[in-house]
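> Take a look and give me a structure for this.
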Amino acid sequence: MKLRGKKIVVLVAEGFEDLEYWVTVMRLREEEAEVIFAGPSMELVSGKNFLEARPDVTADEIDPSDVEGIVIPGGWAPDKLRRYPQITNLVKVVHERGQTVGLICHGGLVAISASIVDGARATGSPGIRDDLVNAGAT
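Numbers count the residues shown, from 1 in each chain. Have a look, this model is predicted:
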């Protein structure tokens, strides 16, 4: 499988978009990636449609040199995640190391706060298009 043995962090917080989170996790696991759930705390959180997830670790426990990439699902969670320096620092360092940062829907809000979209190509929900463009995304 393409991702066998690679560690991929998936960020999670209260209000994550259930399908964007769980389908991503399932696909990464199908490719045999080691998926690590990370959040600002170890609390059990609910998605917008009430599926639950619990982080394996907090973001400050992750060594960015030990992961191949990070995925930020959408929902209401990115607006919460962007408020934690340990989250934005992790995203920034993973990006600076040249690893993949996957943004889904509103996940771009975290990337904006991590200051990694200026001059970069980024996608996102139409609801954050202006935010991405104003932050310098192309």
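> in terms of contact, does residue 105 touch residue 72 like I think?
No. Counting by Cβ atoms under 8 Å, residue 105 stays clear of residue 72, with 9.2 Å between them. In this view, the C-beta of every residue, glycine as well, is placed from N, C-alpha and C.
> Okay, strands next: where are they in the protein?
With DSSP state E, the ranges of strands along the chain come out as 7-11, 34-39, 45-46, 52-53, 57-58, 69-72, 100-103.
> Just tell me which of the ones you listed ends up closest to residue 124.
The closest of the strands of the chain to residue 124 is strand 100-103. By Cβ to Cβ, the value is 6.2 Å.
> Could you list the buried residues of that closest one?
101, 102, 103 (16 or more other Cβ atoms under 10 Å).
> which residues does the last one contact?
I take that to be residue 103. Neighbouring residues of residue 103 by Cβ atoms under 8 Å, 6 or more residues apart in numbering: 72, 110, 111, 122, 123, 124.
> doesn't residue 114 make contact with the fourth one?
No. Between residue 122 and residue 114 there is no contact under Cβ under 8 Å: 11.6 Å.
> Residue 105 and residue 72: which is more packed in?
Comparing residue 105 with residue 72 by other Cβ atoms under 10 Å, the one with more neighbours is residue 72, at 30 against 19.
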